[in-house]
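Trainee: I would like the atomic coordinates for the input below:
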Amino acid sequence: MRKNYFRIYHALPYESEVDEYLGKISVFLADQPGLLATLASIFAKYALNITYFYYNRSEHPNRVLLEVKGYEENILQKVRQKLLDLRLFDGDLQGPTMQLSVFDTHSILKLEVQLSHRSGALGEFAGLLRDHNANVIYMSYNEDMSDTSANVSLTTSHAQEVDLLLKDINERGYYYSLIYKGAEQKEVEDIIGLNLVERFFFRLKKILNTDDIEYLKKLVESSQRLSDTLINFSKEAGKHLEAGQIFTNVLTLASVSLSRTGPKFSYRQLPSLSIGRVTLNTFRIPTGGNILILEGEEEAVMIDGGYGHYYNDVKRMLIENGIDPARIKRIYLGHCDADHAGMSGYFAEEYGSQVFLHGDAKGILKHENRAWGSASPLLDLNHYFTMVINEFTKFHVPENWIEYGNNEIAHEGGFRVIDKFALSGQTYEVLEGGAGHVPGQVFFMSDDSGLVFTGDFLLTVESLSTEDRENLNLPKFMMTSTNVDSLLFRQEMTRLKRLIHDFDQRLRDKKGRAIIVPGHGDYYPAAKLTY
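Mentor: Down below sits the predicted model:
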């Protein structure tokens, strides 16, 4: 609607010789209790009858559309001036359309109320709502449809106020039909007037099964910022995204992440590889990265791990397969993403496992930004995504993790070897990657076992199920790319392939072979590597 929208029409009804004047009005009110009563009282003061009223907070949090009827044109002109003086025509005064202010379904009320067909009736009812500090989020009245019936959705400051309001409505003699009195989550989705963020809040609350409002508000705020940033970035790229589409994907991410724990947890174990005195156990869990366990004679080593919320499930999984979680004395992390590092802190707390990370992880963890330390134009997107995914999946890295060495002790195919670790007579080199995927990326390689752990590089796409691919595409959608620097990522990929090719040739001279163990999907011999 345009500013200063108040049009006056002159009409001569067929059944009467009395002139009538109709005012069609669009005004803007702050989204707060009591202002509807103030507006209605203005029309009641001038004996104007409201024949049409429409307000839907989910469409616009401030705009009210009205039609009023009177018998003197100058009266409508006076009302126009009054509204102008109060600056109620100023559409620039509208507030945010995505404000979260409704947190409890029990404070929501939806009803159809019968009002007298006279001037001031709507104002009186609005005054009653104001007395209970009730905020109208939707109201619809149309004299042509029914000259006495109004549909209203509202929220109160607390759940107990709903009963007090209904009692007062009864005592004042209003007839009404109760359509919804906050209780069932499913029914909330049918309430008109809740904005997109509030619907997101209630769906998130149901998925996470929590009443921790502050926790939910934090998640909503992070998701809002993610949405705003992604929409703006896409707009600059000439693309169009809707906030609803983004929130739907965030909800899908939450649902997928949390719906596969406990009794619904499942996994696939790949055939174990026994190489010398070490056995590689590979477990593919519902979402997130592979769980990779190197079992030695005296202890076990974990290479990466899945999301934190799978911790108890993973413990049971290991025990079912004859692996004592207490034997995992060391955890070597290829990078700091939640789907690879998220449960390391829980092992450290329960079993005293030492956790190793690249030094660049300090900035990532401190700033909750997987792209921290890079020059990525997607820095903000990565930040908000990191906050959201870490919260959903109960990300936990111990505070006292150990940093890989920083000095170059060797050089392998364009990668610095910055550290080593040993297990049952086998030595594994820690190769420092670039920041193509994320800063602080490392790979692990052993001449003794022929294993190369490549993290999110060199995945076998054909070994990923449709569900796996969809799950991996969710982060890609929300960050536009899971790689902090796509060009650098491709360069790293080329170098890594060349390194593994030369490594495999070196092992073949010794009648061995190289085996690629990625962070997602199946392991495979280097001979299958495509260039």
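
Trainee: Chain neighbours aside, what residue packs nearest to the residue nearest the centre of the chain?
Mentor: Nearest to the mean C-alpha position of the chain, counting by CA atoms, centre = their mean, stands V250 at 3.6 Å. Using CB to CB, 6 or more residues apart in numbering and skipping residues adjacent in sequence, the residue nearest V250 is S223, 5.0 Å away. Placement of C-beta: from N, CA and C, glycine included.

Trainee: That neighbour: neighbouring residues, count only.
Mentor: 28 (other CB atoms under 10 Å).

Trainee: re the thing from before, which ones are touching the residue nearest to the centre of the chain?
Mentor: Contacts for V250 (CB atoms under 8 Å, 6 or more residues apart in numbering) come out as 200, 223, 226-227, 388, 478.

Trainee: quick one on the thing from earlier: so the residue nearest to V250 is in which element?
Mentor: Assigned by DSSP states H and E, S223 falls within helix 213-236.

Trainee: For G363, see how far away the residue nearest to V250 is.
Mentor: Separation of S223 from G363 (CB to CB, to the nearest Å): 23 Å.

Trainee: Kindly report the same for F265.
Mentor: F265 sits 33 Å away from G363, going by CB to CB.

Trainee: same thing with F453?
Mentor: As for F453, its distance to G363 is 23 Å (criterion: CB to CB).

Trainee: now do R330
Mentor: Using CB to CB, one obtains 24 Å as the distance from R330 to G363.

Trainee: how about the strands of the stretch 201-350 of the chain, start to end?
Mentor: Using DSSP state E, counting those that start in this stretch, the strands assigned to the stretch 201-350 of the chain run over residues 268-269, 273-275, 278-284, 291-295, 300-303, 328-332.

Trainee: and those as TSV, adding mean neighbour count, mean pLDDT and distance to F457?
Mentor: Below are the strands of the stretch 201-350 of the chain laid out as TSV (neighbours: other CB atoms under 10 Å; pLDDT from 0 to 100; distance: least, CB to CB, whole Å):
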stretch	mean neighbour count	mean pLDDT	distance to F457
strand 268-269	12	96	21
strand 273-275	14	96	20
strand 278-284	20	98	16
strand 291-295	24	98	14
strand 300-303	24	98	14
strand 328-332	22	98	16
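
Trainee: Quick one, which of those gets closest to T210.
Mentor: The closest of the strands of the stretch 201-350 of the chain to T210 is strand 291-295. By CB to CB, the value is 26.5 Å.

Trainee: That closest one: partners in the sheet, and parallel or antiparallel?
Mentor: strand 278-284 (antiparallel), strand 300-303 (antiparallel) (DSSP bridges).

Trainee: Please render those strands as CSV that adds distance to T155 to the earlier fields.
Mentor: Formatted as CSV, the strands paired with strand 291-295 follow (distance: least, CB to CB, whole Å):
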stretch, distance to T155
strand 278-284, 46
strand 300-303, 49
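
Trainee: and the contacts of V250, which are buried?
Mentor: Burial by neighbour count, judged by 16 or more other CB atoms under 10 Å, picks out 200, 223, 226-227, 388, 478 from the contacts of V250.

Trainee: Farthest pair within those?
Mentor: With CB to CB as the measure, no two of the buried ones among the contacts of V250 lie farther apart than F200 and M478, at 14.2 Å.

Trainee: how about E297, what does it touch?
Mentor: Residues counted as contacts of E297 (CB under 8 Å, 6+ apart) are 277, 424.

Trainee: Would you mind naming the residues that bridge with V355?
Mentor: Beta-bridge pairing for V355 (DSSP bridges): I331.

Trainee: which ones are touching it?
Mentor: The contact partners of V355, taken as CB under 8 Å, 6+ apart, are 330-331, 333, 344-345, 347-348, 397-398, 401-402.

Trainee: now with 7 Å?
Mentor: Contact analysis of V355 by CB atoms under 7 Å, 6 or more residues apart in numbering lists 331, 333, 344, 348, 397-398, 401-402.

Trainee: Now do it against S463, distance only.
Mentor: Distance of V355 to S463, given as CB to CB: 28 Å.

Trainee: One more: H10?
Mentor: Between H10 and S463 the computed distance is 76 Å (CB to CB).

Trainee: higher neighbour count, those two?
Mentor: Ranked by neighbour count (other CB under 10 Å), H10 and S463 place S463 first, with 15 against 9.

Trainee: so who does that one touch?
Mentor: When contacts are counted by CB under 7 Å, 6+ apart, S463 touches 521-522.

Trainee: per-residue confidence for it?
Mentor: Among the per-residue scores, S463 holds a pLDDT of 91.

Trainee: Likewise for L12?
Mentor: 59.

Trainee: which stretches of the stretch 201-350 of the chain aren't confidently modelled?
Mentor: Residues of the stretch 201-350 of the chain meeting the criterion pLDDT under 70: none.

Trainee: Excluding residues flanking it in the chain, which one is nearest H520?
Mentor: L459 (5.2 Å).

Trainee: per-residue confidence at S116?
Mentor: The model reports S116 with a pLDDT of 85.

Trainee: Give me the distance between it and S149.
Mentor: To S149, S116 is 12 Å away according to CB to CB.

Trainee: between these two, who's got more neighbours?
Mentor: More neighbours surround S149 than the other of S116 and S149, with 17 against 13 (other CB under 10 Å).

Trainee: For the more buried one, list each beta-bridge partner.
Mentor: On the basis of DSSP bridges, S149 is bridged to Q114.

Trainee: That one reaches Q114, doesn't it?
Mentor: Yes - S149 is in contact with Q114 according to CB atoms under 7 Å; the separation is 6.0 Å.

Trainee: one step back: which one of the buried ones among the contacts of V250 is nearest to I323?
Mentor: V388 (31.9 Å).

Trainee: Phi, psi for the closest one please.
Mentor: V388 adopts backbone torsions of phi -70, psi -50, taken as degrees, to the nearest 10.

Trainee: Equivalent analysis for G440, please.
Mentor: Main-chain torsions, G440, degrees, to the nearest 10: phi 80, psi 20.

Trainee: residues touching it, list them.
Mentor: Residues near G440 by CB under 7 Å, 6+ apart: 335-336, 357-358, 360-361, 364.

Trainee: Now with 6 Å, please.
Mentor: Contacts for G440 (CB atoms under 6 Å, 6 or more residues apart in numbering) come out as 335-336, 358, 360-361.

Trainee: give the contact list for F347.
Mentor: By CB under 6 Å, 6+ apart, the residues touching F347 are 328, 353.

Trainee: For it, give its distance to P325.
Mentor: In terms of CB to CB, F347 sits 7 Å off from P325.

Trainee: just Y311 next, same as before
Mentor: Per CB to CB, Y311 is found 10 Å from P325.

Trainee: So between F453 and G363, which is more surrounded?
Mentor: When F453 and G363 are compared for neighbours, F453 comes out ahead with 27 against 16, by other CB under 10 Å.
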